[in-house]
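Novice: Turn this into a model:
(one chain, ligands or ions: 1)
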Amino acid sequence: MRDGRASLGLALTGALGLALCVGQASAARAQEWSGEEGSTSAGPTIEDYLKEAGPDAKLVNHGALKIDGRPVNCGTRPTVLNSNFDSWGGAFPGFLILNTKKITGLSTAVKLYVYSHECGHQFEGPDETKADLFAIRRGVTRGWLDAVGMEDICTFISTLKGDSAHPPGPERCETMRKYYRELVETEKQRTTSASASASASAPKAQALGPAQ
Ligand SMILES: [Zn+2]
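Specialist: Next up, the predicted model:
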């Protein structure tokens, strides 16, 4: 990966999302960019990034990206598919990066989590926990995250080490799992009270005759 394309390395240095990122990569390499993580204002333009990433990178415009058949979006931001990117996904100001090679084989919920985490940086800034929670909230409100998916995400993230920007994987799992439970619980209470008040006030149907 550090193949002498210095300009690409330089561009990657500013990436925000790198995020999930640190993973099992060698500590030295992780250090290389984790120090720069967190800048929401610095980064290449998408044109420059595409130029530097080379012919394998592919631009997917807003509205055209599907993950395992499910359309996804991050506001109106485009995504660059780059199989040479250091991490599963990344975020520069104004666009997202997905490493198609690295996410292959992950479950759909984990892929959507990766994408949504990077999208979270676009809205929430550099905070890794906020980006994680943004992804979980999206999963619940958009209906792609269930208990099985939550455990898939935990299994995936728990193998990652932490760094200066990222809490250790198991901790991220716990934080997200707790938030997921809260969201599901709130949703349950909302629908229960909604259906209770609906049935209380629901007009009785006109019956043909007395109930039998
Ligand atoms: Zn991140």
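Novice: can you give me the strands in this structure?
Specialist: Taking DSSP state E as the test, the strands found in the chain are 58-60, 66-67, 70-71, 79-81, 89-92, 95-98.
Novice: Return the alpha-carbon coordinates of the fifth one using PDB.
Specialist: The C-alpha trace of strand 89-92 is given here as PDB (Å, rounded to 0.1, in the frame of the first residue of the first chain):
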ATOM      1  CA  GLY A  89     -14.200   3.400   5.000                       C
ATOM      2  CA  GLY A  90     -13.200   7.000   5.400                       C
ATOM      3  CA  ALA A  91     -14.600  10.500   5.200                       C
ATOM      4  CA  PHE A  92     -13.200  13.700   3.800                       C
END
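Novice: which helices and strands sit right next to it?
Specialist: Applying 3 or more Cβ pairs under 8 Å, 6 or more residues apart in numbering; DSSP states H and E, one finds that strand 89-92 makes contact with strand 95-98, helix 108-124. The C-beta positions use only the backbone N, C-alpha and C, and glycine is treated the same way.
Novice: next one: the second one
Specialist: Helices and strands in packing contact with strand 66-67 are listed as helix 108-124; criterion 3+ Cβ pairs under 8 Å, 6+ apart.
Novice: closest to residue 185 out of the strands of the chain?
Specialist: Each of those has some distance to residue 185 by Cβ to Cβ; the shortest is strand 70-71, at 25.1 Å.
Novice: Strand partners (parallel or antiparallel) of the closest one?
Specialist: strand 66-67 (antiparallel) (DSSP bridges).
Novice: With mean pLDDT, mean neighbour count and distance to the ion added, can I get the helices and strands packed on strand 89-92 in TSV?
Specialist: Formatted as TSV, the helices and strands packed on strand 89-92 follow (pLDDT from 0 to 100; neighbours: other Cβ atoms under 10 Å; distance: least, Cβ to the ion, whole Å):
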stretch	mean pLDDT	mean neighbour count	distance to the ion
strand 95-98	94	26	11
helix 108-124	95	24	6
